[in-house]
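Q: curious how this folds, go ahead:
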Amino acid sequence: MVLRGVVLFRPKRTQKTIFDHDICLPADRIEALEKTWAGPFRRLVLPMIDEESFRPFYCEDNGRPNRPVAILVGACVLKEMNSLTDAEVLGALDFDLRWQYAFNINAFESHVCQKTLHNFRTLITDNKQARSLFTGITDAIIETAALSTDKQRLDSTQITSNMAHLSRLGLFTRTIEAFLKRLHKKHPKLYEKLPRLYDKAYLKRAGYFADAKSSRAKRRLDKSARHLADLVDRFRGHPEISRMKEYRLMARLLSEQCRFTEGDPDKTELEKPKEIPADSLQNPSDPDATYGRKGKGYKASLTETCVKENPFQVITDVDVAPSYDSDQKDVMPVIERLEETGRKPEELFADAGYGSGENILQAHEHGVELTAPVTCGKAPDLNKMQLSDFETNEDCTQVVYCIRGHAPLECKIVDRGKAVEAVFSREHCLLCEFLPICPVKRIKGGNYRLKYKRKDMATSKRRLQQESHDFKERYKIRSGIEATISEADRVTGLKRSWTRGKKRVTLSVFMKALAINIKRFVQSRLDKAKKALSNSIEGGSNDNFRRLCSLCHDDSNLGSVAMAA
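A: Here you go, the predicted model:
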């Protein structure tokens, strides 16, 4: 979506007017506003919003002036930070003095219509600006607060969009009902030609299909499947109806949930639940939602810093994926994105869902140590020697020596870099008491060869490392990401999105993560200001003592001295 030719780009006004709050309001009212969140937000956060990055989406010399991007971005962030509806956001802009002061606008500039807010969110989602917005402001916070990103931690959580959780019968009836409503509205003559059964069963179905007793649900589910196949067959190839979104959803549901013969709906049979794919339709109101181990919806991955010396931690990366996606697939994309933004960690902590030999090796190639236990793969046979009993280099491409301290005669990489072969001398192996349980095999010439996949060696070595006291102590820091996810859910409602569709859910998650970063940043500055105030009180002779006291009547609201810190 590009607004060029429709709306004229205009950055936020910087020149003061006689109507601005800090000019027309009395001094005591300004001091009161400075003691709320509005003061720190105005001084610390608002300047971090890069309006110029949105200039290409507007016209340079035509159309009405836009609402300043900084106000719209800030409104989106505060909406997610406080879990507000659009009406509540627009009402706060119109009537809440704190919001107007935070955005440095007066009462004549504060009004934003709902369509403007909606169009701006659409612009962000269609042009994939959510990530750049999040990254830009987060980078500014990291630079301003001088935070280290050397150590980070990663985890994921289930996100449920604003949709009902339907039973299998409910899914069939809702999908058919949505199609029939659309057909009745757009093509009433074709709708009238359908059997009256469809009108009675789906559009006037009170107590008919919706509230099926468990004893009759299976029979009615079979009947719904045949109705679904009949409707798909009736309008297959129709130039208009076959392109309708509701028809395509019916066709998708039929292919995922049923075995059917084209042209013969009476032979339609239901697939067994285990045969239904994880990416199948869960609700026609949100076709992007899928089914995963944790439920229906989406999976949000969060990565945050975990350096003890940081005054606070920030979320450095966010991603939204189908709920059935394995965590194993997330490690390298996260590292690559952090590398692009210059925030790549030296060590990345994650739970066992992310740990595998392949991920450990790939992370090492990017200069990142992945600290995660491994549980995947075949359990080791403890009655035999393990690959970890052989000493190798860090990337598992070279065997240094065996358990008896003997170096191999030769060692080479095979299978396009995925495996390694090491040949040991027959004289050493034949005299070794571990030969009966050793994974080496005799080859032509009498020597013994060890062949292993690099990922298997990395997995074996990690299984040994994760049992050590040092690994367990270092790994304790990973659990802090659970508190971050809990905070995001309690403060912003992260796990229950107010919208539907992957694009819009993604925007919501990015804004919620950004809201957490802003909240922590402002709170850190307030804590620093509180400490400065405390030192002034203890000193007694500080010249700023009287001024600080006049601004800080309440320990819990120190926005007035955040700048001094």
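Q: any regions of the stretch 301-450 of the chain where pLDDT drops low?
A: 376-378 (pLDDT under 70).
Q: residue ranges for the strands of it, please.
A: Under the criterion DSSP state E, counting those that start in this stretch, the stretch 301-450 of the chain contains strands at 315-322, 347-350, 369-371, 391-392, 399-401, 410-414, 419-424, 441-442, 448-453.
Q: now do the stretch 101-250 of the chain
A: Along the stretch 101-250 of the chain, counting by DSSP E, counting those that start in this stretch, strands occupy 151-159.
Q: so where do the helices sit in it?
A: Taking DSSP state H, counting those that start in this stretch as the test, the helices found in the stretch 101-250 of the chain are 114-126, 130-145, 168-186, 188-192, 196-198, 214-234, 245-257.
Q: go through the shortest one and flag the buried ones.
A: Neighbour counts using 16 or more other CB atoms under 10 Å place residue 198 of helix 196-198 among the buried residues. C-beta: built from backbone N, CA, C; applies to glycine.
Q: packing partners for it?
A: helix 214-234 (3 or more CB pairs under 8 Å, 6 or more residues apart in numbering; DSSP states H and E).
Q: which parts of the helix it packs on are buried?
A: 220-221, 223-233.
Q: ok, now stretch 158-178?
A: For stretch 158-178, using 16+ other CB under 10 Å, the buried residues are 158-161, 163, 166, 168-178.
Q: follow-up on the earlier one: of the helices of the stretch 101-250 of the chain, which is nearest residue 455?
A: Comparing the helices of the stretch 101-250 of the chain by their distance to residue 455 (CB to CB), the top pick is helix 130-145, with 30.2 Å.
Q: helices of the stretch 301-450 of the chain, start to end?
A: Under DSSP H, counting those that start in this stretch, the stretch 301-450 of the chain gives helices at 331-340, 357-365, 426-430.
Q: which other helices and strands does the second one contact?
A: Right, helix 357-365. helix 331-340, strand 369-371, helix 454-465.
Q: what's in contact with that helix?
A: 328, 331-332, 335, 348, 369-370, 372, 374, 377, 394-396, 453-460, 462 (CB atoms under 8 Å, 6 or more residues apart in numbering).
Q: buried among those? Need that as a selection in PyMOL.
A: With 16+ other CB under 10 Å as the criterion, this PyMOL line picks the buried residues out of the contacts of helix 357-365:
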select buried, resi 331+332+335+348+370+372+374+396+453+454+455+456+457+458+459+460+462
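Q: hmm, back to that, out of the helices of the stretch 101-250 of the chain, which gets the lowest mean score?
A: If you rank the helices of the stretch 101-250 of the chain by mean pLDDT, helix 214-234 sits at the bottom with a mean of 83.
Q: just the angle for that helix relative to helix 245-257, thanks.
A: Between the axes of helix 214-234 and helix 245-257, defined by axes from the mean of the first three to the mean of the last three CA atoms, to 10 degrees, the angle is 120 degrees.
Q: C-alpha coordinates for helix 214-234, PDB please?
A: Extracted C-alpha coordinates of helix 214-234, given in PDB (Å, rounded to 0.1, in the frame of the first residue of the first chain):
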ATOM      1  CA  SER A 214     -22.400 -36.100  21.200                       C
ATOM      2  CA  SER A 215     -24.500 -39.200  20.200                       C
ATOM      3  CA  ARG A 216     -25.500 -37.600  16.900                       C
ATOM      4  CA  ALA A 217     -22.500 -35.400  16.200                       C
ATOM      5  CA  LYS A 218     -20.700 -38.000  14.000                       C
ATOM      6  CA  ARG A 219     -23.700 -38.600  11.800                       C
ATOM      7  CA  ARG A 220     -24.300 -34.800  11.400                       C
ATOM      8  CA  LEU A 221     -20.600 -34.300  10.700                       C
ATOM      9  CA  ASP A 222     -20.800 -36.900   7.900                       C
ATOM     10  CA  LYS A 223     -23.800 -35.000   6.500                       C
ATOM     11  CA  SER A 224     -22.000 -31.700   6.700                       C
ATOM     12  CA  ALA A 225     -19.100 -33.200   4.800                       C
ATOM     13  CA  ARG A 226     -21.400 -34.300   2.000                       C
ATOM     14  CA  HIS A 227     -23.000 -30.900   1.900                       C
ATOM     15  CA  LEU A 228     -19.600 -29.300   1.600                       C
ATOM     16  CA  ALA A 229     -18.600 -31.500  -1.300                       C
ATOM     17  CA  ASP A 230     -21.900 -30.800  -3.000                       C
ATOM     18  CA  LEU A 231     -21.500 -27.000  -2.800                       C
ATOM     19  CA  VAL A 232     -17.900 -27.200  -4.000                       C
ATOM     20  CA  ASP A 233     -19.000 -29.400  -6.900                       C
ATOM     21  CA  ARG A 234     -22.000 -27.200  -7.800                       C
END
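Q: quick check: which of the helices of the stretch 301-450 of the chain is buried the most?
A: helix 357-365 (a mean of 20; mean count of other CB atoms under 10 Å).
Q: centre of the chain to that helix, how far?
A: Taking CA atoms, centre = their mean, to the nearest Å, one finds helix 357-365 lying 22 Å from the centre of the chain it belongs to.
Q: please export the C-alpha coordinates of it as PDB.
A: Output in PDB follows, covering the C-alpha atoms of helix 357-365 (Å, rounded to 0.1, in the frame of the first residue of the first chain):
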ATOM      1  CA  GLY A 357      23.900 -30.700  16.700                       C
ATOM      2  CA  GLU A 358      23.200 -29.000  13.400                       C
ATOM      3  CA  ASN A 359      22.100 -25.700  15.100                       C
ATOM      4  CA  ILE A 360      25.200 -25.700  17.300                       C
ATOM      5  CA  LEU A 361      27.400 -26.100  14.300                       C
ATOM      6  CA  GLN A 362      25.600 -23.500  12.100                       C
ATOM      7  CA  ALA A 363      25.600 -21.000  15.000                       C
ATOM      8  CA  HIS A 364      29.400 -21.600  15.500                       C
ATOM      9  CA  GLU A 365      29.900 -20.800  11.800                       C
END
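Q: other SSEs contacting the helix or strand hosting residue 474?
A: Here residue 474, judged by DSSP states H and E, is contained in helix 469-475. If contacts are counted by 3+ CB pairs under 8 Å, 6+ apart, helix 469-475 sits against strand 369-371.
Q: okay, now the sheet partners of the strand it packs on, with direction.
A: In the sheet, strand 369-371 lines up against strand 347-350 (parallel) (DSSP bridges).
Q: on that earlier part again, need the buried residues of helix 214-234 in a markdown table with distance to residue 111, can you?
A: Output for the buried residues of helix 214-234, formatted as a markdown table (distance: CB to CB, whole Å):
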| residue | distance to residue 111 |
| --- | --- |
| 220 | 52 |
| 221 | 51 |
| 223 | 53 |
| 224 | 49 |
| 225 | 52 |
| 226 | 54 |
| 227 | 50 |
| 228 | 48 |
| 229 | 52 |
| 230 | 52 |
| 231 | 47 |
| 232 | 48 |
| 233 | 53 |
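Q: which stretch among the helices of the stretch 101-250 of the chain comes nearest residue 416?
A: The nearest among the helices of the stretch 101-250 of the chain, by CB to CB, is helix 130-145 at 33.3 Å.
Q: list the buried residues of that closest one.
A: 130-142, 145.
Q: please identify which of these is nearest to residue 194.
A: Taking these together and measuring to residue 194 by CB to CB, the closest member is residue 130, at 42.5 Å.
Q: OK, contacts around that closest one?
A: Applying CB under 8 Å, 6+ apart, the residues near residue 130 are 124, 506, 507, 510, 511.
Q: 10 Å instead?
A: Applying CB atoms under 10 Å, 6 or more residues apart in numbering, we find residue 130 in contact with 76, 121, 124, 318, 320, 503-504, 506-511, 513-514.
Q: and of these, the nearest to residue 53?
A: residue 124 (11.0 Å).
Q: where's that closest one relative to residue 334, distance?
A: 22 Å (CB to CB, to the nearest Å).
Q: and the closest residue to residue 65 other than its chain neighbours, how many neighbours?
A: Leaving aside its chain neighbours, residue 65 sits nearest to residue 10 (4.3 Å; criterion: CB to CB, 6 or more residues apart in numbering). A count of neighbours around residue 10, defined by other CB atoms under 10 Å, yields 15.
Q: right, I'll leave it there.
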